[in-house]
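Novice: Quick one: sequence plus predicted model below, questions after.
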Amino acid sequence: MAKTTHEFQAETKELLNLMIHSIYTNHEIFLRELISNASDAIDKLHFASLQNRDILEGNEDYEIFLVPDKDSHTLTISDNGLGMTKEEVIENLGTIAKSGTKAFLEQLQKAKEDNAEITDKELIGQFGVGFYSAFMVAEKVTVVTRKAGETAAVRWESTGDGSYTIEECEKEGRGTNITITLGKEFYGDEAEENFLDTWNLQNLVKKYSDYVRYPIKMNIETQETPRDDEGKPIEGAEPITKVEIKTLNSMQPLWTKNKNDIKDEEYKEFIKNQFHEWEEPMEVFHNKAEGNVEYTSLLYIPAKAPFNLYHADYEPGLQLYSRHVFIMDKCKDLLPNYLGFVKGLVDSPDLSLNISRELLQQSRELKTIGKNLEKTILKSLERMLKNDREKYEKFWAEYGKSLKIGIYNSMYTGSSVVDKLKELLLFASSKDGKQISLKEYVGRMAEGQKKIYYATGTDRNTIEKLPQMELLRDKGLEVLYLLDPVDEFAIETIRKYDDKEFQSISRGDLDLDDAESKEVKKEAEEIAKTNDQLVKDIKEALGDKVSEVKISSRLKSSAVCLVADAMGPSLSMEHTFASMDNPMFKAKRILELNPKHDLFAKLQILHANGKDNAEFKDYCDLLYTQALIIEGIMPENPVDFADKVAKLMAK
Ligand code: ADP
């Protein structure tokens, strides 16, 4: 086969450009990325060999070799892993198939456009762009690879300028050699970062790749002073140069070590290395379990929630090992969906290596491990909330939504986990700027207070201005602020905390039973009786827009407000459903009028002229629209509203 030239896919070009113009300032990590690819390739080979031993070609000594060559100023990273066919080379190195990398480019673009404070480094941490990082230090990258079990090998080569060449070639052993012809600034004694220096390379392997499961080897030159027959150094003799193959990494998987022997730093380095994390994890859980099912788990919560955590393309899952041998990446069946943000690995001798994905999903062992992991995680979070509030609040800011979704989803799964999850909730509150748990709320409830009051809105400011807030504020009742649409769904699922029901300030009856409130309520009922016809006619004027018109006992200085029926969804839930293209769930709207407001008197006067007079109808409509706007809902016909207001103003 002759040598052919191919263009990189557009996205790849873009990525290469970014690499070459160095969005990473940390050049050295290219080595980690390539070693990790090599180790993955050996994992794949090993896994495939369980089904077909022939592909090992009689060589089971897995290894990764580093060859720095001062003459050609190249560094070769070679592995005897699975290798690639020509088609796979084109597919894997010529295009960016991974949606994650595409998303990365989009995010980067967006961040640039928005001038956001998000740095490349932060973004990269979420993606890890692997192989292409070689172009940060390379003038040219040459890949020679032969797939295990095949005879043909291929050479791929690119200078990162938009195209690559590919040709058939010979390669004796299976696997892949990646040869980087280093850029001038990356070799030689003068170089700040010298990637041909064996000392530097050894340190880099220790730093980033110490736990790689396969030996990373390199020829190391040592100088030895010649010795005499008695073993004493011969003085003045020229030292002898010896070359030895040295394994640079310790290889012992961190999770197999005893917890007490592991330093924090080691966990952090391991996680960065093993899972391509950029930032230090927020929390690490390392557990060994010996019971029905034996397993070790090393889980962690990433410092930042992945940007796509709540999108369909987010791929949760843990790495699975059996007796320290890799089985699969992203095993989804271990943790419930809502804990999809937890990453890490599970190693269990009770799982069979040879098992298919489908069978594994049904395995009883996996289910047992999953249940235990969920318990462990929730228990740790509970502890964090109790012992390290600051840290927990950071956790909450990143992942609180996940726990709320967990509560909501338990409606379908009937999970008893809700009891644990509700203790982990935090809400903003009307008392002070701090977030509080339900336990804290109940702990400081006013005397005689029976319900847990909450308000929904997009931010604190909007909620505080709601007419419905005024009364509760005056009575000194604390109100939880539900600022995330999912909050109310979670609250609806829990229904009660410590036997206290949740009560929205914008739904149903507030049920205040202090003497004053009772008095106000009685008064409102009286007024309702005497104004029975007026209320009926307002309802008639508004038609289907509202399900009921009421004389309010919750309003103080505002003229109107809109509330939802206690049964059925709230107005904000309706809004959420609508935004999810699910307009079926409509709130039952109740328009409440403040009988003490001057406007009420005006309505009475207009009504006296008959329910069909145009002005009365306009007033009804304006009242309703006002109430909508207060709730943050756009009126159905804004022009009509503006016209009516203008007419009124011109009077
Ligand atoms: P990632 O490793 O995150 O999938 P990369 O861009 O680093 O992305 O690599 C792209 C793909 O190229 C890998 O998924 C793998 O299939 C293939 N690949 C890279 N390096 C090797 C290697 N040393 N041996 C075999 N395949 C490799």
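Specialist: Thanks, I have it.
Novice: for K536, phi and psi?
Specialist: phi -60, psi -40 (degrees, to the nearest 10).
Novice: just K602 next, same as before
Specialist: According to degrees, to the nearest 10, K602 has phi -60, psi -40.
Novice: quick one, what contacts it?
Specialist: Residues in contact with K602 (C-beta atoms under 8 Å, 6 or more residues apart in numbering) are Y619. (C-beta placed from N, C-alpha, C; glycine too.)
Novice: separation between it and Y619?
Specialist: Separation of K602 from Y619 (C-beta to C-beta, to the nearest Å): 7 Å.
Novice: do the same with G457
Specialist: Using C-beta to C-beta, G457 is found at 27 Å from Y619.
Novice: The residue in the stretch 201-350 of the chain positioned nearest to the ligand: neighbouring residues, count only.
Specialist: In the stretch 201-350 of the chain, no residue comes nearer to the ligand than H276, which is 7.5 Å away by C-beta to the nearest ligand atom. Using other C-beta atoms under 10 Å, H276 is surrounded by 18 other residues.
Novice: so how far is K500 from it?
Specialist: Relative to K500, and taking C-beta to C-beta, H276 is found at 46 Å.
Novice: Give me the helix or strand of this structure that scores worst on average pLDDT.
Specialist: Taking mean pLDDT, DSSP states H and E as the measure, the chain has helix 120-127 as its least confident helix or strand, at a mean of 48.
Novice: Pull the contacting residues for the residue of the chain at minimum distance from the ligand.
Specialist: In the chain, no residue comes nearer to the ligand than G130, which is 2.1 Å away by C-beta to the nearest ligand atom. By C-beta under 8 Å, 6+ apart, the contact list for G130 reads E33, S36, N37.
Novice: Intersect these with the contacts of the ligand.
Specialist: The residues of these that also fall near the ligand, by C-beta under 6 Å from any ligand atom, are N37.
Novice: Now render the contacts of G130 as a markdown table, adding secondary structure, neighbour count and pLDDT.
Specialist: Compiled in a markdown table, the contacts of G130 are given as follows (DSSP: H, G, I helix; E, B strand; the rest coil; neighbours: other C-beta atoms under 10 Å; pLDDT from 0 to 100):
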| residue | secondary structure | neighbour count | pLDDT |
| --- | --- | --- | --- |
| E33 | helix | 21 | 83 |
| S36 | helix | 21 | 85 |
| N37 | helix | 19 | 88 |
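Novice: which residue sits closest to Y454, ignoring its sequence neighbours?
Specialist: Leaving aside its sequence neighbours, Y454 sits nearest to L480 (C-beta to C-beta, 6 or more residues apart in numbering; 4.1 Å).
Novice: need the strands for the stretch 51-200 of the chain, in chain order.
Specialist: According to DSSP state E, counting those that start in this stretch, the stretch 51-200 of the chain carries its strands in the segments 64-69, 74-79, 138-146, 153-158, 163-169, 175-182.
Novice: Using TSV, lay out these together with distance to E592, mean neighbour count and mean pLDDT.
Specialist: Shown next, in TSV, are the strands of the stretch 51-200 of the chain (distance: least, C-beta to C-beta, whole Å; neighbours: other C-beta atoms under 10 Å; pLDDT from 0 to 100):
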stretch	distance to E592	mean neighbour count	mean pLDDT
strand 64-69	72	20	98
strand 74-79	72	22	98
strand 138-146	70	21	97
strand 153-158	70	22	96
strand 163-169	70	16	95
strand 175-182	71	23	98
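Novice: Output those strands in CSV; the columns should cover distance to A566.
Specialist: Converted to CSV, these look like this (distance: least, C-beta to C-beta, whole Å):
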stretch, distance to A566
strand 64-69, 66
strand 74-79, 65
strand 138-146, 66
strand 153-158, 66
strand 163-169, 66
strand 175-182, 66
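Novice: remind me which residues of the stretch 401-550 of the chain are low pLDDT?
Specialist: By pLDDT under 70, the weakly predicted segments of the stretch 401-550 of the chain are 412-415.
Novice: hmm, 50 instead?
Specialist: For the stretch 401-550 of the chain, no stretch has pLDDT under 50.
Novice: how about the residues of it that lie near the ligand?
Specialist: Counting by C-beta under 6 Å from any ligand atom, no residue of the stretch 401-550 of the chain is near the ligand.
Novice: how about the helices in the stretch 401-550 of the chain?
Specialist: For the stretch 401-550 of the chain, the helices defined by DSSP state H, counting those that start in this stretch occupy 418-421, 438-443, 460-464, 467-474, 485-494, 515-530, 532-542.
Novice: by contact count, what packs against the longest one?
Specialist: The criterion is 3 or more C-beta pairs under 8 Å, 6 or more residues apart in numbering; DSSP states H and E, and the helices and strands that helix 515-530 contacts are strand 548-551.
Novice: List the buried residues in the strand it packs on.
Specialist: Across strand 548-551, burial judged by 16 or more other C-beta atoms under 10 Å covers V549, K550, I551.
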